[in-house]
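> The following comprises the amino acid sequence and a computationally predicted model.
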Amino acid sequence: MPLFGKYATIIRQLLLIFFLVPLVSCGAKSPSLNVNVGEKVSDLNVKSLNGEDEVLSLKTGKVLIVNLWATWCAPCRHEMPSLDRLSTLLDKTKFSVIGISVDEDDHVAREFLIERKVAFKNYLDPAMAVANDIFGVRVFPSTFVISPDGILLKVIEGWRDWDGSELVKELEGFSIIIE
């Protein structure tokens, strides 16, 4: 009798499950965002780092790079220094980099930003209303490039090397809208 003879059918079935299920799930559609490229993004109800309610108007006359992040998110922590460098590289008359932390504890988010000397403007979304209801974020970090009149231009999911020359060039290309 061959090794595993009486268990061969079970082993084959388990192997099929282990190899076919991941392939089938790879083809599964991920949920769509609540706003798509080309659509208007509504103003954002956020909190300041001091916990005060604010309405963030997206009609600023600048291209906005809005990054949703969290201190518990390793990729978010990884990309934050390059995002901060990006905020200094871009022309401040044409661009604004904004962070929105979904951390529930404003103290944790504030301390994280202070410790890492992150200078670009940050807000809080502790109830994740902006992340879930406005954008429909599927992964952290998620970044939304928004035109000066509030139209979504690009969605970038996952961490990036924000101060890399190719990405900086691509973002600077959006400034043509202003000129």
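That came in fine, so what should we check first?
> Number of residues surrounding residue 114?
A count of neighbours around residue 114, defined by other CB atoms under 10 Å, yields 10. In short, each C-beta sits where N, CA and C put it, glycine included.
> Identify the residue nearest the geometric centre of the chain.
Nearest to the mean C-alpha position of the chain, counting by CA atoms, centre = their mean, stands residue 142 at 0.9 Å.
> So in terms of bridging, what pairs with it?
Applying DSSP bridges to residue 142 gives these bridge partners: residue 68, residue 157.
> Next, residue 172: secondary structure please.
helix (DSSP: H, G, I helix; E, B strand; the rest coil).
> Apart from its neighbours in sequence, what residue is nearest it?
What sits nearest to residue 172 in space, not counting adjacent residues and going by CB to CB, 6 or more residues apart in numbering, is residue 90, at 7.1 Å.
> so the residue nearest to residue 31 when sequence neighbours are not counted, which of the three states?
Among residues not flanking residue 31 along the chain, residue 138 sits closest, at 6.2 Å (CB to CB, 6+ apart). With three-state DSSP as the basis, the three-state label of residue 138 is coil.
> sorry, back to before: contacting residues for the residue nearest to residue 172?
Residue 90 makes contact with 65, 97, 168, 171-172 under the criterion CB atoms under 8 Å, 6 or more residues apart in numbering.
> ok so, going back, can I assume the residue nearest to residue 31 is in contact with residue 157?
Yes: using CB atoms under 8 Å, residue 138 is in contact with residue 157, at 6.5 Å.
> what about residue 152, distance to residue 132?
To residue 132, residue 152 is 16 Å away according to CB to CB, to the nearest Å.
> Kindly report the same for residue 116.
Distance, residue 116 to residue 132, using CB to CB: 26 Å.
> Mind jotting down where the helices sit in this structure?
Ranges of helices in the chain, per DSSP state H, are 8-26, 74-89, 106-115, 165-173.
> ranking the ones you listed by mean pLDDT, which is last?
Across the helices of the chain, helix 8-26 has the smallest mean pLDDT, namely a mean of 47.
> Among residue 152 and residue 132, which residue is more densely surrounded?
More crowded of residue 152 and residue 132, by other CB under 10 Å: residue 152, with 20 against 13.
> so the more buried one makes contact with residue 143?
No: between residue 152 and residue 143 there is no contact under CB under 8 Å: 11.2 Å.
> quick one: contacts for residue 151?
Counting by CB under 8 Å, 6+ apart, residue 151 touches 38-41.
> Narrow these to just the buried residues.
Applying 16 or more other CB atoms under 10 Å to the contacts of residue 151, the neighbour count classes residue 41 as buried.
> between the contacts of residue 151, which is closest to residue 176?
residue 38 (16.3 Å; CB to CB).
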